[in-house]
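Participant: Sequence and predicted structure are below.
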Amino acid sequence: MKPAMETTAEENQELNQEKRGCFECCIKCLGGVPYASLVATILCFSGVALFCGCGHVALTGTVTILENHFSTLPSDHALLTHVVQLMQYVIYGIASFFFLYGIILLAEGFYTTSAVKELHSEFKTTICGRCISGMFVFLTYILGVAWLGVFGFSAVPVFVFYNMWSTCATMRSPGANITSIDSICVDVRQYGVISWNATPGKVCGSALGDICNTSEFYLSYHLYIVACAGAGATVIALIHFLMVLSANWAYLKDASHMHAYQDIKTKEEQELQDIQSRSKECLNSYS
């Protein structure tokens with residue numbers, strides 16, 4: 001019975017070592033994950049998805065509202081329809097580009113994290129890798145500035161729809177001192193949405209209230225708000241990416257300097273050892 005018990009104890013010890021090895025391997029893998037880049041990537045994907053998806057549907061609803069209530073002739077809103085279609089194609093391009101760009105930045109985060117983790121080993125950063133990191137910093141900065149403009153532009157339809165919604169809320173308010181409901185109007189021509197020759201161009205009174213009660217208006221208004229929030233989230237994600245990329249580029253630069261210093265130190269130590277060995281050989285020959 002003793003040999004059997006000893007064999008069982010040895011098997012348990014080997015099993016515990018295997019479990020410990022798997023645990024250490026998992027900890028090592030988790031330690032190499034660039035969590036900052038991962039959070040920025042998730043935030044970027046979420047913001048772009050909200051902006052593109054909600055913006056696409058909201059633009060379609062806006063065209064429907066204008067065609068049904070503000071512009072009866074197709075020639076009056078032909079330019080607007082063309083611009084909306086062009087913006088929808090741009091949305092497709094933005095979604096595709098940022099999906100690819102987010103994956104590239106996440107991969108670059110894995111690369112730089114590995115470079116920092118392996119700073120004191122044989123891992124060496126190259127000039128090409130540092131140049132690529134610097135290029136990503138510059139490109140992310142440009143995209144961040146561009147998305148600030150997109151965020152401001154996405155707030156314009158929110159402002160227009162909010163004015164219409166607040167006007168309708170004022171008409172429905174029982175405490176409002178309104179002599180004539182028909183005197184309250186909303187003219188979208190003043191926003192440059194359609195031309196000044198468009199008919200009717202404005203809607204007043206109860207007709208305006210009917211527009212506010214339509215599903216197209218309600219859905220488009222809230223989708224524009226979500227799209228604006230998505231653009232803001234994308235701006236935050238790009239700022240986060242910019243901080244991460246700048247820090248990673250600085251780490252890579254320090255790592256390259258550290259490796260250069262270690263190489264010089266190793267060469268000097270080797271030369272010193274060679275000089276000492278030669279001097280010992282000379283002394284031994286004389287003796």
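Facilitator: Everything's here; your move.

Participant: residue boundaries of the strands in this structure?
Facilitator: Assigned by DSSP state E, the chain shows strands spanning 185-187, 202-204.

Participant: Which parts of the protein are helices?
Facilitator: Counting by DSSP state H, residue ranges of the helices within the chain are 2-31, 35-65, 78-117, 127-172, 205-212, 215-286.

Participant: Give the residue spans of this protein that score low on pLDDT.
Facilitator: Applying pLDDT under 70 to the chain flags residues 1-33, 113-130, 174-179, 252-265, 268-269, 271-272, 274, 276, 278-287.

Participant: cutoff 80 now
Facilitator: 1-34, 72-77, 109-133, 171-183, 191-201, 205, 248-287 (pLDDT under 80).

Participant: Pull the number of nearby residues for the nearest residue to residue 63 once chain neighbours are set aside.
Facilitator: Closest residue to residue 63 in three dimensions, ignoring its sequence neighbours and counting by C-beta to C-beta, 6 or more residues apart in numbering: residue 84, at 5.5 Å. (C-beta placed from N, C-alpha, C; glycine too.) A total of 17 residues lie near residue 84 under the criterion other C-beta atoms under 10 Å.

Participant: mind listing what residue 84 touches?
Facilitator: For residue 84, the contacting residues are 59, 60, 62, 63, by C-beta atoms under 8 Å, 6 or more residues apart in numbering.

Participant: of those, buried ones?
Facilitator: With neighbours counted using 16 or more other C-beta atoms under 10 Å, those contain these buried positions: 59, 60, 62, 63.

Participant: Going by distance to residue 132, which of these wins?
Facilitator: Nearest to residue 132 among the buried ones among the contacts of residue 84, counting by C-beta to C-beta, is residue 59 at 36.3 Å.

Participant: Count the neighbours of residue 225 for me.
Facilitator: Residue 225 has 18 neighbours, counted by other C-beta under 10 Å.

Participant: Also residue 248?
Facilitator: Counted by other C-beta under 10 Å, the residues lying close to residue 248 total 23.

Participant: quick one: residue 133 from residue 106, how far?
Facilitator: Remark: distance between residue 133 and residue 106 (C-beta to C-beta, to the nearest Å) = 14 Å.

Participant: Now for the nearest residue to residue 168 once chain neighbours are set aside: which residues touch it?
Facilitator: Leaving aside its sequence neighbours, residue 168 sits nearest to residue 212 (C-beta to C-beta, 6+ apart; 3.6 Å). By C-beta under 8 Å, 6+ apart, the contact list for residue 212 reads 164, 165, 168, 218.

Participant: My guess is residue 189 contacts residue 203. True?
Facilitator: No - Residue 189 sits out of contact with residue 203 when judged by C-beta atoms under 8 Å, with a separation of 11.3 Å.

Participant: ok, the two, which is more surrounded?
Facilitator: Applying other C-beta under 10 Å to residue 189 and residue 203 shows that residue 203 carries more neighbours, namely 21 against 17.

Participant: can you pull the contacts of the more buried one?
Facilitator: Contact analysis of residue 203 by C-beta under 8 Å, 6+ apart lists 69, 70, 185, 186, 211.

Participant: Which of those sits closest to residue 77?
Facilitator: Checking the contacts of residue 203 against residue 77 with C-beta to C-beta, the nearest one is residue 70 at 8.0 Å.

Participant: What number of residues are in the vicinity of the closest one?
Facilitator: Residue 70, neighbours per other C-beta under 10 Å, totals 22.

Participant: ditto for residue 238
Facilitator: Residue 238, neighbours per other C-beta under 10 Å, totals 26.

Participant: for the closest residue in space to it that isn't next to it in sequence, what are its contacts?
Facilitator: Closest residue in space to residue 238, ignoring its immediate chain neighbours: residue 144 at 4.0 Å, by C-beta to C-beta, 6+ apart. Residues in contact with residue 144 (C-beta under 8 Å, 6+ apart) are 235, 238, 239, 242.
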